[in-house]
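In: Using only what follows, build the 3D model:
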Amino acid sequence: MSNPVVRVQALQHQYRDKNMAVPVLQGIDLEVFAGESVAIVGASGSGKSTLLNMLGGLDAPTAGKVFIGEQDIQRLSEREKGRLRNQKMGFVYQFHHLLPEFTALENAAMPLLIGKASVKTAREQARNALEAVGLGHRLHHKPSELSGGERQRVAIARALVAQPQVILADEPTGNLDETTAAQIQDVLLSLTEEWDLALIVVTHDLSFARRCERQLNLHNGQLQPVTSA
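Out: Numbers count the residues shown, from 1 in each chain. Down below sits the predicted model:
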């Protein structure tokens, strides 16, 4: 078997509330491989988004390690973490966070332009990503001219544009109606396989979770396999 794209070892995190330490994550171990989709479910406030932020290097754990490929995130400088996120990770959130003044093509190209790619390369790869999510005919439309599902597809294209190793998705269908949500799930899961990505998705939608290869429940600070639904 190939090496995991994401590897987590004994991850812990706690918040400080006045003079008390409030544990959130208590010894998380996890491996996710290319082409694999993993859903993380759990009650509100269980720490799902906190865990995703740790995986993305957006927050620092209290203890433990997160590896993306062979890179230990905590050994990287903030500049190096930013470069790793830009080149190796894609992020999709509940809200698309598109820039309203730019077209779908320009929004999707943004990570490459930030990463100092040429305008030509950024536009070509953005076009490819938008075609992959079914929006090749909407390249020059601004967010206000797109439906909610189309805006989320642009957000997915933006996450894919740098051809990352892993997609981290936090409630990516939480703001969509049932039909549109199912379409976005189709896009994410098919691209995980076609592009050989590792997909880690936090979701309250158990039907979405069941479509992923693995379902894990975050409870009392630990990840446990979901044995039945």
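
In: Looks to me like A10 is in a strand.
Out: Yes. Secondary structure of A10 (DSSP: H, G, I helix; E, B strand; the rest coil): part of a strand.

In: That one and T62 touch, don't they?
Out: No. In this structure, A10 is not within contact of T62 by Cβ atoms under 8 Å, at 10.7 Å. For glycine as for every other residue, the C-beta is placed from the backbone atoms N, C-alpha and C.

In: Which strand residues bridge D17?
Out: Applying DSSP bridges to D17 yields these beta-bridge partners: M20.

In: i'd like the first residue to be 731 from this point on
Out: All right, first residue 731 from here; so that's D747.

In: per-residue pLDDT, it?
Out: Predicted confidence (pLDDT) for D747: 76.

In: burial count for it?
Out: D747 has 8 neighbouring residues, counting by other Cβ atoms under 10 Å.

In: which element is the nearest residue to M840 once chain neighbours are set aside on?
Out: Once flanking residues are discounted, M840 sits nearest to R888: 6.4 Å by Cβ to Cβ, 6 or more residues apart in numbering. In this structure, R888 is located in helix 878-890 according to DSSP states H and E.

In: List the contacts of whichever helix or strand comes after that helix.
Out: As assigned by DSSP H and E, the chain's next helix or strand after helix 878-890 is strand 896-900. Strand 896-900 is contacted from outside by 735-736, 762, 778-779, 782, 785-786, 798, 818-824, 889-890, 918, 922, 927-933, using Cβ atoms under 8 Å, 6 or more residues apart in numbering.

In: Which SSE is immediately downstream of the top helix by length along the chain?
Out: Longest helix of the chain, by residue count under DSSP state H: helix 908-924. Where DSSP H and E defines the elements, the next helix or strand beyond helix 908-924 is strand 928-932.
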